[in-house]
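A.B. asks: predicted model and sequence follow; I will ask about them next.
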Amino acid sequence: MTTILQITDAHLSPRHALFRRNLALVAGWARAARPDLVVATGDLSADGAGGDDDLEFAAALLREMPAPLLVLPGNHDVGSDPRTMPGQPVDAARLARFRRLAGEDRWVRDVPGWRLVGLDSEIMGTGLPEEAAQAGFIAAAAAEAGGRRIALFLHTPVFTTAPEDPAFDYWSVAPEARAALRPLLEHPGLRLVASGHLHLHHGFARGAVRYAWAPPLSFVCEPAIQPGMPGLRRPGALLHRLGEDAAETVLVAPEGLEMHWLADVRAETSPR
């Protein structure tokens, strides 16, 4: 059995000490539990899309996790669709910064019986050349999986309501971009889709596939920001246990984790 600790939305910065205690507590848990891998599903930094400092700082802290680390970008690391982040659209320069300071923005890793696939959700639906390149990467990753089970990781959930929902919003992959994901989403070996971004802990199954929304290491959003969205609002991480034919997911919430609300964080970090 392979164990994967998923952390997400750490929002680290050298400009403030917020959320570092939560990261330290989860790292301490990991030193005792000894997962095989750590996967950080985006928003490593508070504002890596705005410059080097936050992303470089966050990547350095995360590399101290006591297990091999794989990272993926979030919207705060590389920007995103200009419809949702017009001030920081994802572009080639921001992607290059992430790759230089943090690591690959998409990857495949094979472990016993499983194929792990990490994707850059921030380029999906943008029409950038990187989106087309990733579509080819997705097709190859699915075609070459063989008899392995598949676990898919990305920052933004593929959907928050239903895969066929045509609505576009900030919280999920753009509907027009989901077609490129079909080789993985419709693969008979898919068993886990794990994401972050929502600052919520929630899980559900569709057939044999477990969908896991990981809780943040940083702050939670007020319910009014996400009307009707299900989930537990608390900090933490997830441990995925990859068995022979299924993934089991459990919440990791060491004692002492600090609870921060988005409104309070904005007030604390805004210029005085």
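C.D. replies: Here it is on my side, so go on.

A.B. asks: ok, now which ones touch residue 240?
C.D. replies: 3-6, 151, 192, 194, 212, 247-249 (CB atoms under 8 Å, 6 or more residues apart in numbering). Using the backbone N, CA and C atoms, a C-beta is placed for each residue, glycine as well.

A.B. asks: PyMOL command to pick out the buried ones of those?
C.D. replies: One line in PyMOL is enough to select the buried ones among those; burial here means 16 or more other CB atoms under 10 Å:
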select buried, resi 3+4+5+6+151+192+194+212+247+249
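
A.B. asks: which ones among the contacts of residue 240 are found in strands?
C.D. replies: Of the positions in the contacts of residue 240, 3-6, 151, 192, 194, 212, 247-249 sit in strands, assigned by DSSP state E.

A.B. asks: can you redo those as TSV with pLDDT?
C.D. replies: Converted to TSV, those look like this (pLDDT from 0 to 100):
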residue	pLDDT
3	98
4	98
5	98
6	98
151	98
192	98
194	98
212	98
247	97
248	97
249	98
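
A.B. asks: can you tell me which of those is nearest residue 98?
C.D. replies: Within the set of the ones in strands among the contacts of residue 240, residue 6 lies nearest residue 98; the separation is 18.6 Å, counting by CB to CB.

A.B. asks: who does the closest one form a beta bridge with?
C.D. replies: Using DSSP bridges, the beta-bridge partners of residue 6 come out as residue 39, residue 238.

A.B. asks: how far away is it from residue 257?
C.D. replies: 16 Å (CB to CB, to the nearest Å).

A.B. asks: find the least confident helix or strand in the chain, judged by mean pLDDT.
C.D. replies: Taking all helices and strands of the chain together, the one with the lowest average confidence (mean pLDDT, DSSP states H and E) is helix 262-269, at a mean of 86.

A.B. asks: mind giving me the packing neighbours of that helix?
C.D. replies: Counting by 3 or more CB pairs under 8 Å, 6 or more residues apart in numbering; DSSP states H and E, no packing neighbours are recorded for helix 262-269 among the helices and strands.

A.B. asks: mind saving the C-alpha coords of it as CSV?
C.D. replies: Listed in CSV are the C-alpha atoms of helix 262-269, where the atom choice follows Å, rounded to 0.1, in the frame of the first residue of the first chain:
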residue,chain,number,x,y,z
LEU,A,262,-10.7,34.8,5.2
ALA,A,263,-12.1,38.1,6.3
ASP,A,264,-9.8,38.2,9.3
VAL,A,265,-6.8,37.3,7.1
ARG,A,266,-7.6,40.1,4.7
ALA,A,267,-7.8,42.5,7.5
GLU,A,268,-4.5,41.4,9.0
THR,A,269,-2.6,41.4,5.7
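
A.B. asks: give the buried residues for it.
C.D. replies: By neighbour count with 16+ other CB under 10 Å, helix 262-269 contains the buried residues residue 265.

A.B. asks: give me the contact list for it.
C.D. replies: Counting by CB under 8 Å, 6+ apart, helix 262-269 makes contact with 15-16, 18, 46, 199, 218-222, 225, all of which sit outside it.

A.B. asks: how about 7 Å then?
C.D. replies: With CB atoms under 7 Å, 6 or more residues apart in numbering as the test, helix 262-269 has contacts from 16, 18, 219-222.
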